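**Q** Build the 3D model from these lines:
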Amino acid sequence: MQTMKTICIVDDEEDLVENLKLQLEQIKPEWKIIGFSNGMDALKEIIAGNVDLVITDIAMPDMDGYELFWRIKDHNPQMPVIMMTGFGYDPNHVLVRAKSDGLQEILYKPFELDKLIELIDKHLKPNKKN
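**A** Numbering: from 1, shown residues only. Next up is the predicted model:
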């Protein structure tokens, strides 16, 4: 029997978090979707070991998506992380650095829900080596 996977959505736009949560729960009832409006609260849940995949916005106050990504990787290097951004440029090459440090995916807003589901499915597939 397959266990329910927990997806964590982090974005300071609470409406976006809630809309994504509702849509994903409808389409994928086998996923548990949790949402946070800031990186610190999300990080506590992630460190507690209750999350299988993280979707985070980049531009957030207090702790941005980059910092959240690196803190997640310090705690669990295998944790799949998908970053969302409304920006099409990377003036400080932070995305390049994040990708070299293991960032799996970048999703540019606005995006199709099907694309997000495809990326989540891709990273939640059981490892064939086990």
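**Q** helix, strand or coil for the residue nearest the centre of the chain?
**A** What sits nearest the mean C-alpha location of the chain, by Cα atoms, centre = their mean, is residue 55, with 1.4 Å. Secondary structure assignment for residue 55 (DSSP: H, G, I helix; E, B strand; the rest coil): strand.
**Q** contacting residues around it?
**A** Residue 55 sits next to 7-10, 20, 81-84, 107, 116, 120 when contact means Cβ atoms under 8 Å, 6 or more residues apart in numbering. C-beta coordinates here come from the backbone N, C-alpha and C atoms, glycine included.
**Q** Would you mind naming the residues that bridge with it?
**A** For residue 55, the beta-bridge partners are residue 9, residue 82 (DSSP bridges).
**Q** Let me see the confidence value for it.
**A** Note for residue 55: predicted pLDDT of 98.
**Q** Next: the one 10 residues further on.
**A** On the pLDDT scale, residue 65 is placed at 90.
**Q** close enough to count as contact, residue 61 and residue 11?
**A** No: look at residue 61 against residue 11 with Cβ atoms under 8 Å: they stay out of range, at 11.5 Å.
**Q** Looking at the two, which is more packed in?
**A** When neighbours are counted by other Cβ atoms under 10 Å, residue 61 and residue 11 differ, and residue 11 comes out ahead with 25 against 9.
**Q** which residue packs closest to that one, ignoring adjacent ones?
**A** Among residues not flanking residue 11 along the chain, residue 57 sits closest, at 4.0 Å (Cβ to Cβ, 6 or more residues apart in numbering).
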